[in-house]
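1. got a predicted structure plus its sequence, pasted below:
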Amino acid sequence: MPADIADGAQQFIRAFSDPEFVARYTDGPRRFVPGLDGLHRMTAVLLAERAPEHARVLVLGAGGGLELNALAEAQPSWTFVGVDPAPQMLRLAERTLGARTSRVELIEGTIDDAPAGPFDAATCLLTLHFLAASERLRTVRAVHDRLHPGAPFVVAHSCLPNEPVERSLWLDRYAAYAVASGTDPERARTMRATVDASVNMLSPGEDEAVLRDGGFRDVRPFFTALTWHGWIGHA
């Protein structure tokens, strides 16, 4: 990955340690991710197909706590390990979870800091697009190594076509949806430019290949909403 793109990605990630950014984060994903609440519900449904009644679930990129809270609400007998590199976002997750925090272990770090498991299921939502392709593959393999055989893994994040004109069109749609959802147009334009310059987008086909190369089988798409795509696979 070129150095300027790598530096841009790190700048984007560092925003998650900015108190002002974190303070307005909870409302942000719903303005930029079509169907976010439905994505969380579908994730719970898909994990429950294979996860046992008292499942232990790994949630990678858990900062903010939105998916943790949704999964904990959907499955009151599950427990969770949530991992995120941004301490400010982990504190926000605690506030989001409230009383459900007692069922969640929050860890500051990356997949390398997660327990060895084995876990009954795992998720990684709105996160993998921050990682370059090689690091993305390494992370997916590390998740696989922490799962019981056959355990489900649900991922969802943003993808873009490789062709420049198509890429620009989908970035425009990303920004237009945010404006239609109530985001200030100038902020939407800024986010569009930031994503274009700073986030390590792969095409949907390339992202699916990463999951397969990472050891997951039965990889199937289940979610598509403008630039956002989701898959389920099994260890």
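-> That came through fine. Numbers count the residues shown, from 1 in each chain.
2. which residues touch the residue of the chain most remote from its centre?
-> Residue farthest from the centre of the chain, counting by C-alpha atoms, centre = their mean, is residue 165 at 26.0 Å. For residue 165, no residue meets the contact criterion (C-beta atoms under 8 Å, 6 or more residues apart in numbering). Every C-beta, even on glycine, is put in place using the N, C-alpha and C of the backbone.
3. do you know how far it is from residue 174?
-> Per C-beta to C-beta, to the nearest Å, residue 165 is found 15 Å from residue 174.
4. then the residue farthest from the centre of the chain would be within a helix, right?
-> Yes. When DSSP: H, G, I helix; E, B strand; the rest coil is applied, residue 165 is found to be in a helix.
5. the strands in this structure, which residues?
-> Per DSSP state E, the chain carries strands over the ranges 56-60, 79-84, 104-108, 121-125, 152-158, 217-225, 228-234.
6. can I get the fifth one as PDB, trimmed to CA atoms?
-> These are the backbone C-alpha positions of strand 152-158, laid out as PDB (Å, rounded to 0.1, in the frame of the first residue of the first chain):
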ATOM      1  CA  PRO A 152     -20.000 -18.700  12.200                       C
ATOM      2  CA  PHE A 153     -18.100 -15.500  11.400                       C
ATOM      3  CA  VAL A 154     -20.100 -12.500  10.200                       C
ATOM      4  CA  VAL A 155     -18.400  -9.500   8.600                       C
ATOM      5  CA  ALA A 156     -19.700  -6.300   7.000                       C
ATOM      6  CA  HIS A 157     -17.900  -3.200   5.800                       C
ATOM      7  CA  SER A 158     -17.600  -0.900   2.900                       C
END
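7. distance from that strand to the middle of the chain?
-> Here strand 152-158 is found 7 Å from its chain centre; the criterion is C-alpha atoms, centre = their mean, to the nearest Å.
8. who's residue 56 bridged to?
-> Residue 56 has these beta-bridge partners by DSSP bridges: residue 79.
9. mind listing what it touches?
-> By C-beta under 8 Å, 6+ apart, the contact set of residue 56 is 78, 79, 80, 81, 117, 119, 120.
10. just the buried ones from those?
-> Buried residues within the contacts of residue 56, counting neighbours by 16 or more other C-beta atoms under 10 Å: 78, 80, 81, 117, 119, 120.
11. make sure the second one is actually in contact with residue 104.
-> Yes. With contact taken as C-beta atoms under 8 Å, residue 80 and residue 104 are classed as touching, separated by 4.6 Å.
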